[in-house]
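Asks: here are the coordinates; sequence isn't available:
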C-alpha cells in the first residue's frame, strides 16, 4: 500500500514545484533609489563600485533609515562611466530609461509603495574635461579670455541639460526627491 502512495506523493510534489510562486515582498515591492550620472555615480575608482562607491554607500545608509526599515529599498543605478550631461538626453539613454522605470512602477499592479522615491544626478565632470583636451582654447592660448568663454559655454550647456533632465524627472515623478550632485 505504501508503494502505491509514493508515486502519488511524488506527483503532488512535482506539481507543487510547477505552481506559480505567491507574490513576494522582494525588490518589486520596495521603493526605489534611482541614480543617474557618470563614473562618479557609477563608482569608478571604488574597490567595489556597487557597494563602496558613493551611490552604494548612500543606498546602504538609506536602507538603514527608519523610513525604509519596514519596506526595504531597491537601488537602480543607471550611471555610465564617461557620460557627459548631453548623454543624459540622448534617445534611449539614462533619462529615457529612468522615465520608463518611473512609468512602469506607477502603472504596475504593485502598491504605490514601490515607486521611485529618491533620484540623484551626478554629472558634468566629463563636460569640464573637454576644457583640457587637445585643441581646447584653455590649452592653446596664454590668453585667459578664450578659456573663460569656453568655460562659460560648458557651464551653460551643463545647466541647460540638467534643467531639462530635472524637468522630465519631475514631470514623471512629482513626489520624488531629486538631488543634483557635483557641480
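Replies: Everything's here; your move. Keep in mind that what you see is a predicted model, and the values were worked out from it rather than measured. Numbers count the residues shown, from 1 in each chain.
Asks: tell me which residues in the helix or strand hosting residue 163 are buried?
Replies: Using DSSP states H and E, residue 163 sits within helix 144-172. By neighbour count with 16 or more other C-beta atoms under 10 Å, helix 144-172 contains the buried residues 147, 151, 154, 157, 158, 161, 162, 165, 168, 169, 172. C-beta: built from backbone N, CA, C; applies to glycine.
Asks: Which helix or strand lies directly C-terminal to that helix?
Replies: As assigned by DSSP H and E, the chain's next helix or strand after helix 144-172 is strand 177-181.
Asks: Let me see the mean pLDDT of that next one.
Replies: Strand 177-181 carries an average pLDDT of 95.
Asks: which residues sit against it?
Replies: Here strand 177-181 makes contact (C-beta atoms under 8 Å, 6 or more residues apart in numbering) with 37, 40-41, 117-122, 162, 166, 169-170.
Asks: go again using 7 Å as the cut-off
Replies: Here strand 177-181 makes contact (C-beta atoms under 7 Å, 6 or more residues apart in numbering) with 117, 118, 119, 120, 121, 122, 162, 166, 169, 170.
Asks: Number of residues surrounding residue 95?
Replies: Other residues near residue 95 come to 23 when the count uses other C-beta atoms under 10 Å.
Asks: Likewise for residue 84?
Replies: 21.
Asks: Check residue 134 too.
Replies: Residues near residue 134, counting by other C-beta under 10 Å: 6.
Asks: Identify the residue with the minimum pLDDT among the buried residues of helix 144-172.
Replies: Here the lowest pLDDT out of these sits on residue 147, with 90.
Asks: State the three-state secondary structure for the closest residue in space to that residue that isn't next to it in sequence.
Replies: Spatial nearest neighbour of residue 147, chain neighbours left out: residue 138 (3.8 Å); criterion: C-beta to C-beta, 6 or more residues apart in numbering. Here residue 138 is recorded as helix under DSSP: H, G, I helix; E, B strand; the rest coil.
Asks: what residue ranges in this structure score low on pLDDT?
Replies: 1-28, 111-112, 142, 183 (pLDDT under 70).
Asks: can you give me the helices for it?
Replies: Along the chain, counting by DSSP state H, helices occupy 2-18, 39-42, 49-52, 54-64, 66-69, 85-88, 94-107, 125-129, 137-140, 144-172.
Asks: need those helices in TSV with distance to residue 32, can you?
Replies: Converted to TSV, the helices of the chain look like this (distance: least, C-beta to C-beta, whole Å):
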stretch	distance to residue 32
helix 2-18	31
helix 39-42	15
helix 49-52	16
helix 54-64	10
helix 66-69	11
helix 85-88	18
helix 94-107	7
helix 125-129	25
helix 137-140	39
helix 144-172	12
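Asks: what's the closest of those helices to residue 29?
Replies: Residue 29 lies closest to helix 94-107 among the helices of the chain, at 10.7 Å (C-beta to C-beta).
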